[in-house]
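Novice: model the structure of this input:
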Amino acid sequence: MTNETDFELWQTILWASTDFDGEPLDRSRGIEDVDPATLERLNGEFYQWSDLADEVLIKHGRGDACLEDLWPTRVEHVYALVRDGHGVSFTDDWIPGSKTHKIALELDRLARCQGEIGAYLGDDCKIYAF
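Specialist: Residues are numbered from 1 along each chain as shown. A predicted model of the protein is given here:
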């Protein structure tokens, strides 16, 4: 069973990844096609990042806010794209040098430190990530 956060994360991963023919995975696959161990691992990595993100907010005096309050785009969507190197950043919505921009730079760094997701369609037609 997946929740809304898991669904949003995987919707982005499938949209941003391609199959054998170069077509986005979300055209023919869904979250139910993800290998259960891969699903669990990447969901856990997102929640680990989210905990670190909360610490960043507290460090910058924004402990009363949640990530969803600061980003108009779904956090899971931006996280997946930043982590996979798609040229997106949490900083995209903020003026350089602003306090929120500095928070965003730290969130980008934390996401990139987890490495690329690298979702791919396996020979068994299950979706995996490296």
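
Novice: distance of the spatially most central residue of the chain from residue 42?
Specialist: By Cα atoms, centre = their mean, the chain has its centre lying nearest to residue 80, at 2.5 Å. Between residue 80 and residue 42 the distance is 9 Å, computed by Cβ to Cβ, to the nearest Å. Just so you know, the C-beta spots here come from the backbone N, C-alpha and C atoms, and that holds for glycine as well.

Novice: check residue 100 too.
Specialist: 27 Å.

Novice: could you do residue 126 as well?
Specialist: In terms of Cβ to Cβ, residue 126 sits 14 Å off from residue 42.

Novice: sorry, back to before: okay, and the common contacts of residue 80 and residue 42?
Specialist: Common contacts of residue 80 and residue 42 (Cβ atoms under 8 Å, 6 or more residues apart in numbering): 9, 13, 117.

Novice: the last one contacts residue 42, doesn't it?
Specialist: Yes - the pair residue 117 / residue 42 is scored as a contact, 6.6 Å apart, by Cβ atoms under 8 Å.

Novice: any common contacting residues for the two?
Specialist: With Cβ under 8 Å, 6+ apart applied, the overlap between the contact sets of residue 117 and residue 42 consists of 13, 129.

Novice: show me how far the helix or strand of the chain with the lowest mean pLDDT is from its chain's centre.
Specialist: When each helix and strand of the chain is scored by mean pLDDT, DSSP states H and E, helix 67-70 comes last, with a mean of 76. Helix 67-70 has its C-alpha centroid displaced from the chain centroid by 14 Å (Cα atoms, centre = their mean, to the nearest Å).

Novice: next: stretch 15-33.
Specialist: 16 Å.
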